[in-house]
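Trainee: sequence unavailable; structure follows:
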């Protein structure tokens, strides 16, 4: 089996990933860095919704990531349910130099849990590590928050391209793991209820955060 086929034309899976977080944390630059290897210091605020795609290889499969980016402003809240529909992964982005953007992560997380699929793979991203001297959120603080909430976590710099590739690769890899486990289970004729146990796939039952109950239906568009 030669891997000669053009990456942008053929793919085995298409996964929608949403970028969320406050305004000016660098969502659009993370998107352009990953999909086009571009960064713009004077990028304008995103208006409405934009998306870009890029194909990567995971486990000998070609996975096309369709990454959606939206304005962090309140006035675009009306688009939420359509924005989240069919998303397999979400990146919640904050700016390591802006404490309010980190405080608001919990609000974005709640919105995600209200609108997105219960099995969605979620990664917390602390962006702008190139501004180390202005850091307001210690790595450990963000890491323990992510652990508590069952999220993946990484720090990035869209400006220097640090960890941007890794962030998307991890999320795509985890989505692929979840989806291939599911198709394996369904091909073995097992019930849907056995297809759970995915990291990050929390239920929306906030009354018992310690419980490890998983929603079984996944990825319905």
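Mentor: Thanks, I have it. This structure is a prediction, so every number in the text was calculated from the model and none was measured. Numbering: from 1, shown residues only.
Trainee: for the protein, what spans make up the helices?
Mentor: For the chain, applying DSSP state H gives helices covering 27-36, 80-84, 99-103, 105-115, 139-149, 164-187.
Trainee: format those as JSON lines; extra columns: mean neighbour count and distance to residue 123.
Mentor: No exception for glycine: its C-beta is placed from N, CA and C like everyone else's. Below are these laid out as JSON lines (neighbours: other Cβ atoms under 10 Å; distance: least, Cβ to Cβ, whole Å):
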{"stretch": "helix 27-36", "mean neighbour count": "22", "distance to residue 123": "11"}
{"stretch": "helix 80-84", "mean neighbour count": "16", "distance to residue 123": "15"}
{"stretch": "helix 99-103", "mean neighbour count": "16", "distance to residue 123": "15"}
{"stretch": "helix 105-115", "mean neighbour count": "17", "distance to residue 123": "11"}
{"stretch": "helix 139-149", "mean neighbour count": "14", "distance to residue 123": "8"}
{"stretch": "helix 164-187", "mean neighbour count": "18", "distance to residue 123": "5"}
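Trainee: now render those helices as TSV, adding mean pLDDT and distance to residue 64.
Mentor: Conversion of the helices of the chain to TSV gives the following (pLDDT from 0 to 100; distance: least, Cβ to Cβ, whole Å):
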stretch	mean pLDDT	distance to residue 64
helix 27-36	94	11
helix 80-84	83	19
helix 99-103	97	29
helix 105-115	92	22
helix 139-149	97	27
helix 164-187	89	10
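Trainee: where are the low-confidence patches of this protein?
Mentor: 1-9, 72-79, 188-221 (pLDDT under 70).
Trainee: for it, just list every one of the strands.
Mentor: 13-21, 49-58, 61-70, 87-95, 121-127, 152-155 (DSSP state E).
Trainee: now render the ones you listed as TSV, adding mean neighbour count and distance to residue 164.
Mentor: Formatted as TSV, the strands of the chain follow (neighbours: other Cβ under 10 Å; distance: least, Cβ to Cβ, whole Å):
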stretch	mean neighbour count	distance to residue 164
strand 13-21	23	12
strand 49-58	16	11
strand 61-70	21	11
strand 87-95	26	10
strand 121-127	27	9
strand 152-155	20	9
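Trainee: could I get those in a markdown table, plus columns for distance to residue 163?
Mentor: Below are the strands of the chain laid out as a markdown table (distance: least, Cβ to Cβ, whole Å):
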| stretch | distance to residue 163 |
| --- | --- |
| strand 13-21 | 15 |
| strand 49-58 | 15 |
| strand 61-70 | 16 |
| strand 87-95 | 12 |
| strand 121-127 | 9 |
| strand 152-155 | 5 |
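Trainee: can you say which of those is nearest to residue 136?
Mentor: Proximity to residue 136 (Cβ to Cβ) singles out strand 87-95 among the strands of the chain, at 8.4 Å.
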